[in-house]
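Asker: take this sequence and fold it.
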Amino acid sequence: MNEIVVFITAPNEDAAVKIARTLVEARLAACVNIVKSIRSIYTWEDKIEDDTEALMIAKTQKDLFDSLAKKVKELHPYTVPEIIALPIVEGSEEYLKWLNSITGEPK
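Answerer: Numbers count the residues shown, from 1 in each chain. As a prediction, the model looks like this:
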């Protein structure tokens, strides 16, 4: 399977909407869900940070990951944005067919 889910965090919902809309318009993702408020605890510049962020969950194809990541980095306000992909190991045939029709057939 070539389909993946990409997690991307953003500082707020407005930044997430801008990134998500661009990814969908460019057909780099078939769909991006936005979870408005998550709490992230992480280390940055030797300090423990505790922030509220928005989480994007993008459904796309592995072949598009590099282009998607490049576009996110262009739009993202963070120096080091979270952009991580997980494989979709199973999914409904109809949904995966739709995902592939939006993002293009796997190469």
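
Asker: looking at this structure, which helix is longest?
Answerer: helix 13-25 (DSSP state H).

Asker: what's in contact with that one?
Answerer: By Cβ atoms under 8 Å, 6 or more residues apart in numbering, the residues outside helix 13-25 that reach it are 8, 10, 29-32, 34, 36, 54-56, 58, 60, 68, 71-72, 75-77. Glycine gets a C-beta too; all of them are placed from N, C-alpha and C.

Asker: after that helix, next one along is what?
Answerer: strand 31-44 (DSSP states H and E).

Asker: okay, now T79: neighbour count?
Answerer: 8 (other Cβ atoms under 10 Å).

Asker: helix, strand, or coil at it?
Answerer: Secondary structure assignment for T79 (DSSP: H, G, I helix; E, B strand; the rest coil): coil.

Asker: how far does stretch 39-50 stretch from start to finish?
Answerer: 7 Å (Cα to Cα, to the nearest Å).

Asker: ok, and for that stretch, which residues are buried?
Answerer: Within stretch 39-50, no residue is scored as buried using 16 or more other Cβ atoms under 10 Å.

Asker: now it: mean pLDDT?
Answerer: For stretch 39-50, mean pLDDT is 96.

Asker: and that stretch, how far from the chain's centre?
Answerer: Here stretch 39-50 is found 21 Å from its chain centre; the criterion is Cα atoms, centre = their mean, to the nearest Å.
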